[in-house]
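**Q** Just a sequence and a predicted model for now, questions to come.
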Amino acid sequence: MSFLFRFCLLWLCFGMLILRGEEPFDFDKNQGRLPKTIVPERYEVRLEPDLEHAVFAGDETVKLEVRQPVKQIVLHANGLEISGARLQGAQEVPLTAQLNAEEQTVTFALPSELPPGHYALAMHFTGKLTEQPRGLYIAPYQAKGVRGKMLATQMEAIDCRRMFPCWDEPAFRAEFVLQAVVPEKLRAVSNMPEVAGKSVGNGRREVTFAPTPKMASYLVALAVGEFEEVRDEVEGTQLAVLTTPGKREQAQYALESTKKILKFYHEYFGLKYPLPKLDQIAIPSTGAGAMENWGCIIYNDNALLYDPANSAQSMRERVFAVIAHEIAHQWFGNLVTMAWWDNLWLNEGFASWMGTKATDHFNPEWKVWLRAAGSKDGAMRLDARETTHPIQRPVPDDSRASEGFDEITYSKGQAVLRMLESWLGEESFRDGIRAYIHAHAYSNTTTADLWEALGKTSGKPVREFAAGWTEQPGFPVVTVSALPAGSAASVQLEQTHFTIHQANPAPLRWQIPVIYGPAGAPSRALLTLLKDPIEAGAMLEPDAAIKANIGDVGYYRVAYDATLTRRLLKAAPLLAEADRLNALNDAWALVQAGRTPAAECLDLMSALSDDRSPTVVQRIIDVLLAIDGLERSTANREGFHAWARDFLRPQFERLSWDAKPGESPLDASLRGSLISILGAFGNEEVTSSARARFAAYVHDPASLPGDLRGPVFAVVGHDADAVTWEQLHTAARKEDSFEQKRALYSALVSARNPALAAQTLSLSLTDELIAPDAARLVQRVAHDGEQPALAWDFAREHLEALFAKLPDMAANHYVPGIFEGFDEAARADELETFARRNLPPVAGTAVARAAENIRFQAEFKARVLPQIDTWWQARVRR
Ligand SMILES: [Zn+2]
């Protein structure tokens with residue numbers, strides 16, 4: 001309730017176009033719970049973890065500057081017991097810790113007012129270790145078939161306070177000096193290199209790490225385990241990639257990629273990576289895909305390891321892209337840090353954009369910007385809804401910091417930066433970034449600081465341009481219409497707020513850099529900054545087909561009037577790849593928004609049916625899968641499958657089962673998608689061949705190439721019988737590789753047989769998978785297995801056990817995620833009722849989004865499915 005209310009107020013403000021015009025970073029005015037009268041300067045923390053008893057103890061001394069007279073010291077602590085606290089100044093003052101569990105703080109009242117000056121706060125503390133990836137935690141893994149345990153950390157957003165008491169807000173930068181007492185047979189790795197080590201008896205060793213530069217607490221890292229590693233060096237930085245036992249060979253690709261990426265960033269930022277070393281660790285159970293801890297990046301296995309013999313091409317791309325993203329953070333995020341969580345996008349939007357840029361630079365054949373159109377489209381889908389939020393979203397207190405980690409922050413952030421770069425020019429943009437990094441190194445910033453730097457180097461009004469994109473929610477649609485002969489221009493451009501399923505959208509306006517021109521002639525493209533609601537465009541040939549958002553670099557939709565739509569449909573196959581993809585994405589979104597009939601999108605899809613671009617064909621597959629979702633439980637589904645099999649057959653005949661020498665790596669991924677969809681849609685040839693290949697795999701895994709494993713497992717899993725289910729399950733349990741394990745469990749969740757789906761659900765309560773992956777099986781049975789009712793009944797019965805397996809952030813999305821498998825509006829009501837009674841308020845955003853989506857799906861299905869059925873039924877070959 002409070003969530004919706006606040007949202008309405010925001011809408012009002014944005015409707016009147018009052019953008020808040022954020023101020024540059026100012027420590028004293030910065031948001032946060034802790035008083036700014038005391039700042040930490042240096043933490044010295046000695047930790048003694050005890051893996052066997054799942055506890056840890058620590059001793060800590062914090063050097064402080066007291067800036068104004070104070071009567072108490074307040075800092076963060078969560079789940080810790082604190083004793084023996086004392087303040088060291090001219091004399092030593094014993095202190096008593098008063099813990100506030102709700103605010104996650106500890107307060108030390110002082111016997112008398114403390115004058116400004118430098119002091120040290122010393123304390124002893126103890127805490128518990130769990131397998132929840134927050135703070136210092138136990139990470140279980142499987143190596144050479146044997147189970148092991150290691151320790152790792154995940155601090156972002158607010159969990160450093162679980163490992164030791166600290167000023168756990170991003171603007172309180174300080175030096176961290178860590179010491180860890182660990183079993184002699186284990187390695188300890190942290191942000192900085194080890195500078196001293198000594199035996200302390202009992203088979204244990206005390207390791208001391210060099211002091212970090214002044215940095216935010218959410219970047220502290222520690223990992224303790226039995227590691228293998230590969231090492232190298234680039235431009236004076238020591239590099240290591242560490243793995244659990246037996247996976248060293250799979251780290252080589254990450255090491256090679258890192259060498260390229262680090263050099264690229266040295267050049268781009270004009271500032272060398274500032275730490276002496278960069279360790280990257282692959283562990284099989286992180287809270288996130290990867291965490292950019294300064295000098296010690298921790299990844300999930302399947303974001304860092306690449307096995308040339310068994311991995312799919314998509315892993316090669318993913319590993320490079322994730323490394324490029326995390327290393328970009330070493331500057332953007334670590335060296336220069338957002339002032340508060342409302343500017344999370346500065347970290348994540350930028351790292352996403354920079355990572356994609358670096359990935360594209362080294363691997364042009366992967367066409368990553370074309371694929372980034374997929375994540376942009378995902379962000380636009382959310383951003384068109386009532387439950388969206390501006391890129392810069394208010395975060396009143398840090399218990400809500402984790403809500404910011406979504407597609408708007410990452411993908412809209414990336415897309416807006418790309419659009420801005422294209423408007424300012426690549427060099428001017430880079431110069432602005434260099435100036436920004438130099439000016440704010442080892443400090444914090446707000447978005448205003450970035451606009452300031454880019455405005456200065458480019459001479460353009462960046463702040464005015466950017467405010468519409470970052471401070472208000474949503475985005476525009478630009479409608480291009482042909483003007484009658486005799487007009488001063490041949491086209492007119494009009495902007496309106498693009499929304500889906502919103503009753504009263506606010507009349508927002510943007511500054512839009514519209515690139516448009518004759519279709520298929522990008523060299524004749526024109527750029528105009530559309531600020532007004534309606535503007536006349538240029539004079540072009542009277543009969544030309546027009547394409548706008550050429551190159552797909554803009555974050556907006558484009559609609560065309562009837563005449564231009566007809567012309568563009570004819571010209572579609574001649575458009576550049578990015579423009580064909582962009583036209584398809586816009587066409588489907590316009591259908592969702594109710595702005596055009598479904599036939600317009602389907603006609604375009606049909607005009608592109610023999611397209612040779614793997615990315616365009618993949619998008620066609622995505623639309624067919626979306627339609628299949630609408631057809632679920634209708635009498636027409638079989639007929640639709642038969643039509644779609646015919647429609648896709650020429651594409652599959654072109655690629656067939658086996659890789660061809662010299663083919664594009666993207667064809668390898670497209671082949672997999674075609675096999676999966678044709679199998680799911682009942683193509684006999686594909687299903688029987690997949691079964692034969694799986695039978696061969698069971699005897700000899702090497703017989704099945706990495707690129708075909710996921711698709712073959714998926715097809716076999718889809719209509720598995722009890723014997724096949726058991727074969728998949730046995731193979732899944734045996735696997736050490738996270739990537740292969742995931743592919744096999746993916747097959748188990750897609751089983752359509754309800755008895756087998758129930759068997760898959762029961763695996764979520766076992767410990768054969770790492771905890772979060774086990775819990776997520778239930779969501780996946782709801783979606784991929786098309787059994788939302790079965791999955792929800794199961795989840796409701798075991799909710800406590802399932803929640804215990806999830807990190808907090810994921811727990812908020814868990815129940816809403818299961819419900820999104822439904823498309824009946826009544827289920828949206830059920831979700832809201834359930835959430836009110838059983839879920840914490842912090843799950844409100846996810847609940848509101850899911851409920852909105854379920855209602856939209858129900859409405860969309862009723863509105864559009866009859867049109868879609870009429871369209872394909874008229875095209876069935878008789
Ligand atoms: Zn990131």
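**A** Perfect, thanks for sending it. Numbers count the residues shown, from 1 in each chain.
**Q** Spell out which residues of the stretch 301-450 of the chain are next to the ion.
**A** Counting by C-beta under 5 Å from the ion, the stretch 301-450 of the chain comes close to the ion at 348, 351. C-beta here means a position set from N, CA and C on the backbone, and glycine is covered the same way.
**Q** what about 8 Å?
**A** 325, 326, 329, 333, 347, 348, 351, 352, 410 (C-beta under 8 Å from the ion).
**Q** Go through the helices and strands of this protein and name the one with the lowest mean pLDDT.
**A** When the helices and strands of the chain are scored by mean pLDDT, DSSP states H and E, helix 2-15 comes last with a mean of 32.
**Q** contacting residues for residue 545?
**A** The contact partners of residue 545, taken as C-beta atoms under 8 Å, 6 or more residues apart in numbering, are 518, 519, 520, 564, 567, 568, 570, 571.
**Q** What subset of the residues you listed is buried?
**A** 518, 519, 520, 564, 567, 568, 571 (16 or more other C-beta atoms under 10 Å).
**Q** Output those residues as JSON lines; include the columns pLDDT.
**A** JSON lines is the format used below for the buried ones among the contacts of residue 545 (pLDDT from 0 to 100):
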{"residue": "518", "pLDDT": "94"}
{"residue": "519", "pLDDT": "92"}
{"residue": "520", "pLDDT": "86"}
{"residue": "564", "pLDDT": "96"}
{"residue": "567", "pLDDT": "96"}
{"residue": "568", "pLDDT": "97"}
{"residue": "571", "pLDDT": "97"}
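**Q** Tell me which two in those residues are the farthest apart.
**A** The distance between the two most remote of those (C-beta to C-beta) is 14.0 Å, for 520 and 564.
**Q** Pick out whichever of the buried ones among the contacts of residue 545 sits closest to residue 639.
**A** Nearest to residue 639 among these, with distances taken as C-beta to C-beta, is residue 568, at 29.7 Å.
**Q** Could you tell me which residues of this protein lie near the ion?
**A** 290, 292, 325, 326, 329, 333, 347, 348, 351, 352, 410.
**Q** the strands in the stretch 201-350 of the chain, which residues?
**A** In the stretch 201-350 of the chain, the segments counted as strands under DSSP state E, counting those that start in this stretch are 204-209, 222-225, 228-234, 237-243, 277-283, 290-291, 296-300, 336-338.
**Q** Apologies, that question was intended for the stretch 551-700 of the chain.
**A** Using DSSP E, counting those that start in this stretch, strands in the stretch 551-700 of the chain cover 557-560.
**Q** So residue 125 is in contact with residue 79, correct?
**A** No - using C-beta atoms under 8 Å, residue 125 is not in contact with residue 79, being 10.0 Å away.
**Q** more neighbours, the two?
**A** Neighbours were counted for residue 125 and for residue 79 using other C-beta atoms under 10 Å; residue 125 has more, 23 against 17.
**Q** Quick check: buried residues in the helix or strand harbouring that one?
**A** For residue 125, the host element (DSSP states H and E) is strand 117-128. Buried residues in strand 117-128, counted by 16+ other C-beta under 10 Å: 119, 120, 121, 122, 123, 125, 127.
**Q** and which of those residues is nearest to the ion?
**A** Closest approach to the ion among those (C-beta to the ion): residue 127, at 26.7 Å.
**Q** Distance to residue 612 and pLDDT for the buried residues of strand 117-128 - can I get that in JSON lines?
**A** Listed next are the buried residues of strand 117-128 as JSON lines, based on distance: C-beta to C-beta, whole Å; pLDDT from 0 to 100:
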{"residue": "119", "distance to residue 612": "69", "pLDDT": "97"}
{"residue": "120", "distance to residue 612": "68", "pLDDT": "98"}
{"residue": "121", "distance to residue 612": "66", "pLDDT": "98"}
{"residue": "122", "distance to residue 612": "68", "pLDDT": "98"}
{"residue": "123", "distance to residue 612": "65", "pLDDT": "98"}
{"residue": "125", "distance to residue 612": "62", "pLDDT": "98"}
{"residue": "127", "distance to residue 612": "58", "pLDDT": "98"}
